[in-house]
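In: Coordinates only, no sequence provided:
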């Protein structure tokens, strides 16, 4: 370059531009700080946000949801049992705030800001993957809680299935469904029924099986195991977004009653064994284990050898598979028993899990044992 | 005599026109600012290469300190089991693959052109590409230790431990990735070095006058060419088994875990010498300077280097003495291990003899100290090496701390100490200041004492029963005191390295240092600039600077060959391999983003594949290939006519056919591919001897009807014939149309068809690659040839594009020649594969 | 005037191979003896009492003798070997260097081959000896 | 032979360096024929190597510091040819032949037909030991190897999973256990006593805790031990042990472990029929007492991370004590 040029300006254009930007930024910072400290912005729930704030929050929320939903794989949600299960959980966990779809909500909740929306149209506004993200993760500053058992993301889909069905079939679908339940005590939508009905709504009784394949059959299960399971749900050492809120408030006496009730209950008939290759493999694993893969035989502990271990016969294959997957992924090892099963489930391949579940599901469900037997 | 007596007139007359020096400076200028990353000049990328290798040395050393802290006392829980298992795997892998091999290769890249007074290596962008791929891949590999993704199978990753069943997760895949990079970069470097040493020596530097380091690097590169393909195949097989379940190593399905050991150690043992030989070469360069006398026993040292290079391929099984193979097999390898000790003895005594021959007493500079330390440590390591080569003793020592002690003596003694001597000795080539003699002496003594304190006790620890790779040990075994001593020693070594780093910070400044500060006799101490030496000298002896004191001045004044840049671009002289007579002037490429992009995308391809992001990975793979094509598109510059390099020698600026450097590089690449295929051939036969029961025709579906292989063969042969024909139909200069492009496309289709037909045939018989090792091996043959064919097709299409754009004709035909050579090679490999796959089962059935 | 290597690839590469005759023969011997012995033992062909195997031992010794004989021939007749490989007459200025390197390498290789063959004389061919 | 002298030298060296050298796993204190041969070979090589090493150091010193005349002797190719070629060739030839002869000596044990055969299988991370009777009987045990002194014993080494390596340094060199192969190792214990061995091939996870003990006994003691080992487990004595036995049954321990005579026949974990009589627990990781049993049952994943036994925290203190008492009583 020619070094004889006399510098007229002390700063180059770029430098001046930079300085200007800095000044503006500083002004914004200082102004912003004054605005915040002054307490001028109203955050009371009885006044809505400024339009610009609402606009910003909406964008922020929707972008955040869309971003988080990127890698969510949506399973098949058309199963009626799944929808029913979702409806039951809606009743327990959601109806308080969101109300009965299609009907006016309780004024206490309509006074929230943001107001809990009626979910009839939710599935129109958000695809399933985004709904899943909302229900699983919750939303900050809105009162929307996250799923109480974050590790059990598999459970969330029942609710999404329900919301989709609700949207497809209209709010009557929900009210009809509740009305159609054979059991009483559901007259007051939006409140949680007491006692045994809470259980039978999903788990069924000696007349009807569980509401969905994902729900275990409790009848004929040992008293000790049922008691332990409820205690584990209550202590949150066994995770479930369905069971945690229900077990949360239970007293020891209630647990004892429920365990006694179900332990004495007989089971309805279940499917016949179908034979087949998968059945054989499952039978082999259940009876003999897979010694070369260090998998012990299921029969040694389950199927009645010890009252502390659950009976698995006649449980649906979907439930068994689901639980084994939960173990396999290390989501159920907080309890002593859970830790044992976790070590074993990790040694099973998905295919072996399927075989074992298929075989166990085909066995007749257990019937209650007399009290005096060991 | 081909050499020119000293009294002959110099090739060029002075004073030289001024523009010559300016031309050189402009043409060879290093890019400024952030563009420095596009540089390809060997001093720039070589320094970067060494710097990064040294960084890995420090990082892996820190891991060693963590491990030594854990082992300081028994029953310690400073680090847990899982982390410890990752630590030693990453320590070993990093030291071997990311430090040792790259470090010596880096020295080759940096020092060779200077020692040969060449302006640069013949393929500057190739070495820059290799270096960047190594830097990116290496850093990512190493970082896995920070997020619990590091491999934990030990640095030799024996299956079945490393199969998915026992190593789920991506950890093991990251090892395969790390190795993938070093494979690419080592082979690229080896091609560069072979062609560089054989063809870019200065006029008159016959084989008998080559600096020992050039000999060492030549053998080093040749060893890489034959050793690395074995581990490339091994890693391919392991990754394919992990990803797709083809049972190469699973015993129940006819695979064999020991196959991995054969392949790995067929690479792994030469690897040790791959690391040691260049270091020994460096020692042979430094001792004469320090003693101020020519090397005694030059010819014996050359013999020793060659013999070591060869014999080191014959002792891989001595890592497998305890696997239970018949005793007589073991003796063959025990014998080779004895034989390889002799060349090492020759070198040690040649160095002693050179020291004794000195005109003065050996100067005790820092390089001398490190060399003496090397002699001490390496001799001990060599002696324990002979001990473990004796089969019965090895049965006790194998996989114990005795072996840990032994190989650290050999590797640290044999490579790290000479490397530090190198840092001090050759620092003036890249630093304007010398490193400190005072700090250097501190560094040496700390490292030397620390090393012996750390590793000598391990001989005893090992024989006292401590196996290697244990993360803790019971404290009542009597190993505690020995381990505590070792730990103290390890930290002492670290202190020494730290002193060296301080020395670097205080004294290292980029630039050209004092001219020939040690009064050495070899060409790298000629006056240097970005363009290397001002003119390329005619060499008449092994120590030209000693034998012709005026040489430096003559070279600097441009009185020797090629004092300017007559073609206006980067160039150097190519000479013949044996006599080093000038043959032609090679035009070389300059700085570029293309090879950098290729390296980045190659790295991204492998990385993303490891974490199973297949789509983005494939995109990156395509981009990597695209970047390579753009890069090569800029090469193959047209002839600039003949140029006068001085001394009445007029050289062409374009060369085709077997005399061109490009032909030699292609042949070396073909040797690599052929070694890979030979490793495959060995694996096929080996697995057959282990599990003949799964082999066709008895244990698997019989091979398809002979029509399939015959059809395939016809397509291979037909394709080659088309290529031959295409070569005859290349257009005249200045014309772009001929039948060649059509013929090339047809040939490419035929070669793809040949492989497709082969695969179809086997699918037709119901052969399943997952069912048995036989099936896996059959498809593997097609896979390997398919891989070569993929490259061939790209080369063919590239040649088509060159011709369509008028850049390929009867004279300017290197692009076509390369495609043709590789086509012939791929066809030959394919035909061999057909004979093996279809012939062998029929032979045994 | 003799031919220069500037125009002959065969001479350039041939010279390198000429130097390496000894080690190449050693590699050949190792391949032959290891391949033959381990295959014969793996398929239990010719195994006698206590893991001995006359067939394997014989092959090992035979192959070794053959390779060693070739190495000796190259050692004794460097000029002829050079012409055979490169098709050119020996280069005079580097000849002492080239021959001495070739001969020392051949000598070392002979020793290595002898070592490798020694086991077959002393040990049963197929026993594990553990 | 100079072996005794050398061995005492080794002992001194060890004591010096190891301060309270346990030596149970040390190749410096051989108690088997093969290990003894190797130890002799080691000392021969070490002494010869030391002499050569000192020679090199002295030569270097002389080359650097010696007078002109001595240095001139060292400065020629003749010196290189002598010290660098002729001498190594001679030394290495002798050593190689010596090595071959030591290998050939190994054939003596291998030829012994009809001796005791023991199948040892490496498992992650313990050892399954099965004594094979000539009549086809198989008596299974774990993590402890009993040998009659003076008789060659053939070990049939296999693996259930990855590669392991069987190494009892006091008895012999190591031999790998490789999937799909049976490697045979012949041992001859030369004196009674207990020694220790360890897996020498890195096998992942808890490789550091894969040890075992070798008990060399006079043949008559060995026969007694064998007779006891072949018998079923003793019946539980007393209430605590009986409760422990019931817990063992109820908690499903039998799915993985065998206790012969008690209805437990799992093949996944170590055979516990006579676990109480062994010298250690968990592949020579813990001492063998009731307290260690209790620790192992509840806390095994911390004692030996990644081992295949799930942690059993389901027992209360009293139950744990009963169970431990029962296991300890399985002598």
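Out: Structure received. All values reported here derive from a predicted model rather than from experimental measurement.

In: okay, CA-based contacts and neighbour counts for the rest of this
Out: Noted.

In: For residue D:209, which non-adjacent residue is closest in space?
Out: Of all residues not flanking residue D:209 in the chain, residue D:285 sits nearest, at 6.1 Å (C-alpha to C-alpha, 6 or more residues apart in numbering or on different chains).

In: Can you pull the phi/psi pair for that neighbour?
Out: When read as degrees, to the nearest 10, the backbone of residue D:285 gives phi -100, psi -40.

In: list the contacts for it?
Out: Residue D:285 is in contact with D:209-211, counting by C-alpha atoms under 8 Å, 6 or more residues apart in numbering or on different chains.

In: Can you list which of those residues are found in strands?
Out: Under the assignment DSSP state E, the contacts of residue D:285 contribute residue D:211 to strands.

In: For chain B, state which of the contacts of residue D:285 is nearest.
Out: Using C-alpha to the nearest C-alpha, residue D:209 comes nearest to chain B of these, at 8.0 Å.

In: isn't that closest one right up against residue D:303?
Out: No: with contact defined as C-alpha atoms under 8 Å, residue D:209 does not count as touching residue D:303 (9.3 Å).

In: who touches both of these two?
Out: If you check residue D:209 and residue D:303 against C-alpha under 8 Å, 6+ apart, no residue is contacted by both.

In: between these two, who's got more neighbours?
Out: residue D:209 (26 against 16; other C-alpha atoms under 10 Å in any protein chain shown).

In: element containing residue B:459?
Out: helix B:437-463 (DSSP states H and E).

In: what about that helix, near chain D?
Out: Yes: counting by C-alpha under 8 Å from any C-alpha of the partner chain, chain D is contacted by helix B:437-463 at residue B:463.

In: quick one: secondary structure of the residue in the stretch 51-200 of chain A positioned nearest to chain D?
Out: Using C-alpha to the nearest C-alpha, the single residue of the stretch 51-200 of chain A nearest to chain D is residue A:151, 21.6 Å away. Put simply, residue A:151 is coil when judged by DSSP: H, G, I helix; E, B strand; the rest coil.

In: Residue D:261 now?
Out: Residue D:261 - assigned by three-state DSSP - is coil.

In: contacting residues around it?
Out: D:232-234.

In: hmm, 6 Å instead?
Out: Residue D:261 sits next to D:232-233 when contact means C-alpha atoms under 6 Å, 6 or more residues apart in numbering or on different chains.

In: got it, and the one 5 residues further on?
Out: Under the criterion of C-alpha under 6 Å, 6+ apart, the neighbours of residue D:266 are D:254-258.

In: Pull the most distant pair out of those.
Out: D:255 and D:258 (8.1 Å; C-alpha to C-alpha).

In: what's the closest non-adjacent residue to residue 330?
Out: Using chain A here. In space, residue A:330 is closest to residue A:342, 6.4 Å off (C-alpha to C-alpha, 6+ apart).

In: I was after chain B.
Out: residue B:321 (6.4 Å).

In: Need phi/psi at that neighbour.
Out: Dihedral angles for residue B:321 - degrees, to the nearest 10 - are phi -60, psi -30.

In: Following the chain past the helix or strand of chain C with the lowest mean pLDDT, name the next helix or strand.
Out: Ranked by mean pLDDT, DSSP states H and E, the helix or strand of chain C with the weakest confidence is helix C:9-19, at a mean of 86. From helix C:9-19 onward toward the C-terminus, using DSSP H and E, the following helix or strand is helix C:21-42.

In: Quick check: buried residues in that following helix?
Out: C:21-27, C:29-30, C:32-34, C:36-41 (16 or more other C-alpha atoms under 10 Å in any protein chain shown).

In: three-state assignment of whichever residue of the stretch 151-300 of chain B sits closest to chain A?
Out: At 9.6 Å from chain A, residue B:165 is the closest residue in the stretch 151-300 of chain B, using C-alpha to the nearest C-alpha. When classified by three-state DSSP, residue B:165 comes out as coil.

In: Just give the number of residues close to it.
Out: Applying other C-alpha under 10 Å, I find that residue B:165 has 14 neighbouring residues.

In: Would you report the backbone torsion angles of the closest residue to residue A:70 other than its chain neighbours?
Out: Nearest non-adjacent residue to residue A:70, counting by C-alpha to C-alpha, 6+ apart: residue A:129, 7.9 Å away. Dihedral pair for residue A:129: phi -60, psi -30, per degrees, to the nearest 10.

In: about what we covered before: ok, the closest residue to the residue of the stretch 51-200 of chain A closest to chain D other than its chain neighbours to residue A:38 distance?
Out: Closest residue to residue A:151 apart from its sequence neighbours, by C-alpha to C-alpha, 6+ apart: residue A:331 at 6.3 Å. Distance, residue A:331 to residue A:38, by C-alpha to C-alpha, to the nearest Å: 47 Å.

In: wait, what's in contact with the most centrally placed residue in chain C?
Out: Nearest to the mean C-alpha position of chain C, by C-alpha atoms, centre = their mean, lies residue C:25 at 1.9 Å. Residues near residue C:25 by C-alpha under 6 Å, 6+ apart: residue C:67.

In: rerun at 10 Å
Out: Residue C:25 makes contact with C:31, C:64, C:66-71, C:106, C:109-110, C:113 under the criterion C-alpha atoms under 10 Å, 6 or more residues apart in numbering or on different chains.

In: From those, which land in strands?
Out: Going by DSSP E, the strands hold none of those.

In: Tell me the one among those nearest to residue B:289.
Out: Among the contacts of residue C:25, and counting by C-alpha to C-alpha, the member closest to residue B:289 is residue C:106, at 31.0 Å.

In: In three-state terms, label the nearest residue to residue D:88 once chain neighbours are set aside for me.
Out: Distance criterion C-alpha to C-alpha, 6+ apart; nearest residue to residue D:88, sequence neighbours excluded, is residue B:342 at 6.3 Å. Taking three-state DSSP as the rule, one finds residue B:342 in the helix state.
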